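> Dropping the sequence and predicted coords here.
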Amino acid sequence: MVASSARRFHLALLALLVSAVPSYAKCDPTTDPDKSDIANARAAVAANCDCAGATSHGAYVSCAAQQANTVLTNKSCAGAIKKCASHSTCGKPDAVTCCLTTTKGTKCKIKKDAAHCTAKQGTVGSCTSCCDACPAPGSGPSCPAPTTTTIGSGSTTTTTTTTTTMASVCGNGIVEQPEWCDGESFCESNCTIYRYACCEYATSGGACSADVAAYTLFAYQYSECGNYGGTFMLGKAAPSGAAACADPPSGPSYAVGDGACVEPPPLPTPIDLCCQYSNYCTGTGSTTDNDAITGFIWGCAYSNYPNIPIVRGTCGGDGNCVFAP
């Protein structure tokens with residue numbers, strides 16, 4: 001009788017534990033909302049996981065998995081994010097994506113270097129992940145963004161314009177379109193400008209805060225901050241060097257420090273940014289105000305989601321952004 005009662009107790013406990021595990025809808029990467037959910041998560045991976053500078057392939061995949069866990073609304077789509085990271089050259093020096101043509105179509109393989117790809121009559125891809133590379137030249141967040149440069153030549157009576165398309169090289173210290181920056185102290189590893197966001201908590205000992213990702217969508221802002229009782233403040237920063245919060249909130253994985261959110265430090269030098277809409281543009285004007293810059297980028301991203309048509313430059317009189325690093 002005692003054994004039977006104990007068995008019933010364990011079965012009931014097991015049922016309770018199983019029911020407590022959150023369930024998510026099956027992921028369908030071909031249609032929304034999962035398609036956009038995956039795109040947003042992969043954009044977060046591109047922004048926060050350094051492919052070229054990864055210490056190892058495993059470290060990069062781990063970073064991608066962490067981003068997927070943080071950003072995805074439908075957690076069952078995490079496998080799609082991890083697959084793209086796993087089938088990439090990130091953390092593998094000299095490795096390339098290789099597009100191989102078979103009777104069944106084009107498939108992508110990761111090869112240790114370009115020579116091993118061409119030896120198999122393959123085409124070396126320009127993207128770092130097999131999710132984007134083939135057929136070449138590929139398209140997606142792991143591919144280099146193309147930039148168009150117009151070169152004019154002519155005489156006193158006629159003008160001939162030739163347009164060539166070249167890929168920018170992030171990390172060479174030269175700001176090339178569509179980069180927002182390259183090598184400056186305020187520049188991210190993917191050549192976009194660092195954007196500030198802070199989560200502020202009201203605690204028994206006063207305000208506490210933490211720097212968080214400057215997400216575009218409100219759902220992700222809530223997931224990062226409001227879900228734990230905090231207030232998401234775009235364009236603000238946690239106090240530098242603050243002591244640990246004496247009464248930290250329960251839940252967030254990030255460290256929370258003492259003090260309320262504050263204004264972020266200004267840029268060391270003024271910059272101009274422009275947002276290109278379908279038939280007009282807006283600009284920041286020359287500024288060092290990081291609060292205003294973060295807000296401007298957020299407004300551009302939110303209005304044009306999932307794209308962020310930011311140009312380092314000014315808004316021209318014809319309604320088009322003028323690249324001017």
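Happy to help now that I have it.
> CA only for contacts and neighbour counts going forward, please
Fine.
> Let me see the contact set for Q67.
Contacts for Q67 (Cα atoms under 8 Å, 6 or more residues apart in numbering) come out as 41, 44-45, 48.
> how about the helices in the stretch 151-300 of the chain?
218-224, 290-304 (DSSP state H, counting those that start in this stretch).
> how about these in JSON lines, adding distance to S240, mean pLDDT and mean neighbour count?
Compiled in JSON lines, the helices of the stretch 151-300 of the chain are given as follows (distance: least, Cα to Cα, whole Å; pLDDT from 0 to 100; neighbours: other Cα atoms under 10 Å):
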{"stretch": "helix 218-224", "distance to S240": "20", "mean pLDDT": "91", "mean neighbour count": "17"}
{"stretch": "helix 290-304", "distance to S240": "15", "mean pLDDT": "93", "mean neighbour count": "19"}
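> C170 is nearest to which of those?
helix 290-304 (19.6 Å; Cα to Cα).
> circling back to that earlier point, among the contacts of Q67, which one lies nearest to W180?
Looking across the contacts of Q67 and measuring by Cα to Cα, the closest to W180 is N48, at 15.8 Å.
> how many neighbours does that closest one have?
A count of nearby residues for N48, using other Cα atoms under 10 Å, gives 16.
> next one: the one 10 residues further on
G58 is flanked by 15 other residues according to other Cα under 10 Å.
> can you redo the helices of the stretch 151-300 of the chain as a markdown table with distance to V256?
Output for those, formatted as a markdown table (distance: least, Cα to Cα, whole Å):
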| stretch | distance to V256 |
| --- | --- |
| helix 218-224 | 13 |
| helix 290-304 | 21 |
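> Between the ones you listed, which one is closest to C98.
helix 290-304 (32.6 Å).
> Can you spell out which helices and strands pack onto the closest one?
strand 231-234 (3 or more Cα pairs under 8 Å, 6 or more residues apart in numbering; DSSP states H and E).
> who does the strand it packs on pair up with?
Applying DSSP bridges to the sheet, strand 231-234 is found paired with strand 197-203 (antiparallel).
> tell me which residues in the partner strand are buried?
By neighbour count on 16 or more other Cα atoms under 10 Å, the buried set for strand 197-203 is 197-202.
> relative orientation of it and helix 290-304 in degrees?
110 degrees (axes from the mean of the first three to the mean of the last three Cα atoms, to 10 degrees).
> from the chain's centre, how far out does strand 197-203 sit?
Here strand 197-203 is found 23 Å from its chain centre; the criterion is Cα atoms, centre = their mean, to the nearest Å.
> what's it in contact with?
By Cα under 8 Å, 6+ apart, strand 197-203 touches 207-214, 225, 229-238, 247-249, 260-261.
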